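1. Turn this into a structure:
(one chain, ligands or ions: 1)
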Amino acid sequence: MEYLSRILACATEKMQFNYHPLCKQMMLTHLMFADDLLMFCKGNAHSMVLLLRAFSAFSNASGLKMNPQKSCAYFNGVQSGLKQEILSISGFLEGTLPFKYLGVPITAGRLKIKDCASVIKRVDAICRNFLWEGGVEYNKAPLLSWQKVCSPKKEGGLGLKWSETWNIATVGKLACWHWRKVCQVRDIVKQGFLNDGNVGSYTVKGCYNWLRGRNDEVTWYKSVWCTLAAPKHAFIAWLVSQQALRMKDRLYVYKVVDDNLCCLCAMAIESHTHVFQDCPYTLQVMNLVTTSLGASFSSGNVLQQIKRRRWSSLRKKVTSAAIIAVWYYVWIQRNEAWVHHRLVCPSLVARQIATSLHNRFHTCCNKPIPSRDRLWLSKVRLM
Ligand SMILES: [Zn+2]
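-> Down below sits the predicted model:
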């Protein structure tokens, strides 16, 4: 593709090539995304021929051909005779404007505010779908609201930016005075921001925080997002802390399942508190893991208990990461039990957790370790 860019650059160095009027300043001839190619030139046959020759040279070298039946030429303000000439030279079909590419409306004129709003909404939707499904489409109800996900980590979110709100905050910084509508938004936002007791100069970050509103801080965020926890473990721990996983107690209320019994022990109602704190299966895994780390905890919220211990910061991080790994592996086992009716014995799960913790520790812990921690780490076989 770099070769194509070079060939197109050579073609446009020829004096006869005319850039598209809106691309002249940037000397833009083409854009590429995956196997899509968009080429731009002024509406004349000669410029079109130069672009096609450049692409033909690229095809000969690379073996990559274009399919004229799947390629379109888009015109604006070109006379019909000239249009027909260009279409017959290229063999392309005539496309009609506007059309959407990657969710962005492509028009002959400037994008309108409503076009941009739909793009920003789409960006948010793609991010949201990717988070919950790993793809572009997601048709189920999300586990948490996007507003919650976009809160900072200390307020219980993932710290992502909400494009819609961020865009409004960014508008306040724009200096494009000729965008009358945009400037109206800017003035309203700025005035509201400054009138609401926000002193000092306007910043996008400050305005974004003002627009989204602040929530109370959560007590668990440092434990959940500790650097020694593997990201996939931390993500499940985040959902556990928000009580956002689809547990049978809730599914039963909505009549999605026929019973609400815990998949791991079948002795109690399956809720977040039961599965991650009280379930005998979880307690067995938890005891094996915490004992191997030289710790014991009473029933209840273990992460809170770790915070209160008079341990070094490293020991707290390692133990929190271990608890978070327990939650992750228990959740995997719960799903296995539900779907495949299989349950691995707690000692095997504890061994998987120990291996995972060992690998994570040696990948992430690059700082010099104080002697107090060295002794403990050698006892728990992490060093
Ligand atoms: Zn149970």
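2. Residue 321 against residue 229, yeah?
-> Yes: here residue 321 lies in contact with residue 229, judged by C-beta atoms under 8 Å, at a distance of 4.3 Å. All C-beta spots, glycine's among them, are computed from the backbone N, C-alpha and C.
3. So between these two, which is more surrounded?
-> The neighbour comparison of residue 321 against residue 229 (other C-beta atoms under 10 Å) goes to residue 229, with 28 against 25.
4. part of a helix, is residue 169?
-> Yes: counting by DSSP: H, G, I helix; E, B strand; the rest coil, residue 169 is located in a helix.
5. ok, residue 17 - contacts?
-> 11, 41, 46-47, 50 (C-beta atoms under 8 Å, 6 or more residues apart in numbering).
6. May I have stretch 22-42 exported as PDB, CA atoms only?
-> Taking only C-alpha atoms (Å, rounded to 0.1, in the frame of the first residue of the first chain), the coordinates of stretch 22-42 have been written out as PDB:
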ATOM      1  CA  LEU A  22     -11.200  20.600  -1.400                       C
ATOM      2  CA  CYS A  23      -8.000  18.300  -1.400                       C
ATOM      3  CA  LYS A  24      -5.700  20.700  -3.100                       C
ATOM      4  CA  GLN A  25      -4.300  22.400   0.000                       C
ATOM      5  CA  MET A  26      -3.600  19.000   1.600                       C
ATOM      6  CA  MET A  27      -2.400  17.600  -1.700                       C
ATOM      7  CA  LEU A  28      -4.700  14.600  -0.900                       C
ATOM      8  CA  THR A  29      -5.100  12.100  -3.700                       C
ATOM      9  CA  HIS A  30      -6.400   9.100  -1.800                       C
ATOM     10  CA  LEU A  31      -7.400   7.500   1.400                       C
ATOM     11  CA  MET A  32      -7.200   3.800   2.300                       C
ATOM     12  CA  PHE A  33      -8.900   1.600   4.900                       C
ATOM     13  CA  ALA A  34      -8.400  -2.200   4.900                       C
ATOM     14  CA  ASP A  35      -9.100  -3.100   1.200                       C
ATOM     15  CA  ASP A  36     -11.100   0.000   0.400                       C
ATOM     16  CA  LEU A  37      -9.500   2.800  -1.700                       C
ATOM     17  CA  LEU A  38     -10.900   6.300  -2.200                       C
ATOM     18  CA  MET A  39      -9.300   8.400  -4.800                       C
ATOM     19  CA  PHE A  40     -10.000  12.100  -5.400                       C
ATOM     20  CA  CYS A  41      -9.400  14.400  -8.400                       C
ATOM     21  CA  LYS A  42     -10.900  17.300 -10.100                       C
END
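7. For the longest helix anywhere in the chain, name the packing helices and strands.
-> Identified as the longest helix of the chain according to DSSP state H is helix 313-340. Contacts defined by 3 or more C-beta pairs under 8 Å, 6 or more residues apart in numbering; DSSP states H and E place helix 313-340 against helix 221-224, helix 231-241, helix 280-292, helix 302-308, helix 346-364, helix 371-379.
8. weakest of the ones you listed in terms of mean pLDDT?
-> Lowest mean pLDDT within these: helix 371-379, a mean of 88.
9. mind listing what's buried in that helix?
-> 373, 376-377 (16 or more other C-beta atoms under 10 Å).
10. Just give me how far it sits from the chain centre.
-> Computed by C-alpha atoms, centre = their mean, to the nearest Å, the chain-centroid distance of helix 371-379 equals 38 Å.
11. List the single closest residue to the closest residue to the ion within the stretch 101-250 of the chain in space, sequence neighbours excluded.
-> In the stretch 101-250 of the chain, the residue that lies nearest the ion is residue 248 (10.4 Å; C-beta to the ion). Excluding the flanking residues, the one nearest residue 248 by C-beta to C-beta, 6 or more residues apart in numbering is residue 270, at 3.9 Å.
12. For residue 246, see how far away that neighbour is.
-> 10 Å (C-beta to C-beta, to the nearest Å).
13. Then residue 238?
-> In terms of C-beta to C-beta, residue 238 sits 15 Å off from residue 246.
14. Comparing the two, which shows the higher neighbour count?
-> More crowded of residue 238 and residue 246, by other C-beta under 10 Å: residue 238, with 22 against 13.
15. Was I right to think the more buried one contacts residue 224?
-> Yes: using C-beta under 8 Å, residue 238 is in contact with residue 224, at 5.4 Å.
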